[in-house]
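*Asks:* can't give you the sequence, but here's the structure:
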């Protein structure tokens, strides 16, 4: 694995998925799990990558497992390993999605049993908190999909080749016939040149 990481570090467009899980929706990206690349352990990052060596980082439903303070720290670590102009595409549960069942499923501590994936949720972000968090780490932030305080959904076109997000308006199977069944708050956090 060390030889592979060294070889990948030499590529100009290295892209990494954090917390890839069992699905590989971004097949040309380096897939990682928390056990090998913890967002909060700079030593994990230093062991795998050189500073400013990454073009993109994707995290789909990862940042909600961190407190706000941990989220800022993780963003700062990512910032140091992204090239200028590189970005993090981050998707998280949306605290302003006006659906009671959705909110129950994504709430802090989860909806029930300790083995439920949401049991380790530490925060439910909205577009204000997630943009503030990434800006504190030095990023400029573009909102791609989100609900506002009034429950209105906002979206803009985004290129899935820059980080495919399944739990999105376009790709989640629960969004059918003009009804949103499950979406994420999605942002691109870009490191300035």
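*Replies:* It's in. Just so we're clear, the structure is a prediction, and the values are computed from it rather than from any experiment.
*Asks:* make it CA atoms for all contacts and neighbour counts henceforth
*Replies:* Noted.
*Asks:* flag the helix or strand of the protein with the lowest per-element mean pLDDT.
*Replies:* Every helix and strand of the chain was ranked by mean pLDDT, DSSP states H and E. The lowest is helix 2-9, at a mean of 43.
*Asks:* I'd like the average pLDDT over whatever helix or strand comes next after that helix.
*Replies:* Counting by DSSP states H and E, the element after helix 2-9 in chain order, helix or strand, is strand 15-17. Mean pLDDT, computed over strand 15-17, is 97.
*Asks:* direction included, what does strand 15-17 pair up with?
*Replies:* Pairing partners of strand 15-17, with direction, according to DSSP bridges: strand 30-31 (parallel), strand 54-60 (parallel).
*Asks:* please enumerate the strands of the protein.
*Replies:* Along the chain, counting by DSSP state E, strands occupy 15-17, 30-31, 54-60, 82-92, 140-147, 153-155, 185-190.
*Asks:* redo these as TSV? Include distance to residue 127 and mean neighbour count.
*Replies:* Converted to TSV, the strands of the chain look like this (distance: least, C-alpha to C-alpha, whole Å; neighbours: other C-alpha atoms under 10 Å):
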stretch	distance to residue 127	mean neighbour count
strand 15-17	22	24
strand 30-31	27	18
strand 54-60	15	24
strand 82-92	10	23
strand 140-147	7	19
strand 153-155	11	14
strand 185-190	7	25
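*Asks:* residue 67: which of those is closest?
*Replies:* For the strands of the chain, the distance to residue 67 is smallest for strand 82-92, at 13.1 Å, taking C-alpha to C-alpha.
*Asks:* ranges for the helices of this structure?
*Replies:* For the chain, the helices defined by DSSP state H cover 2-9, 42-48, 68-81, 100-106, 127-136.
*Asks:* make CSV out of those helices and add distance to residue 154.
*Replies:* Converted to CSV, those look like this (distance: least, C-alpha to C-alpha, whole Å):
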stretch, distance to residue 154
helix 2-9, 36
helix 42-48, 34
helix 68-81, 24
helix 100-106, 18
helix 127-136, 11
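*Asks:* right, I'll leave it there.
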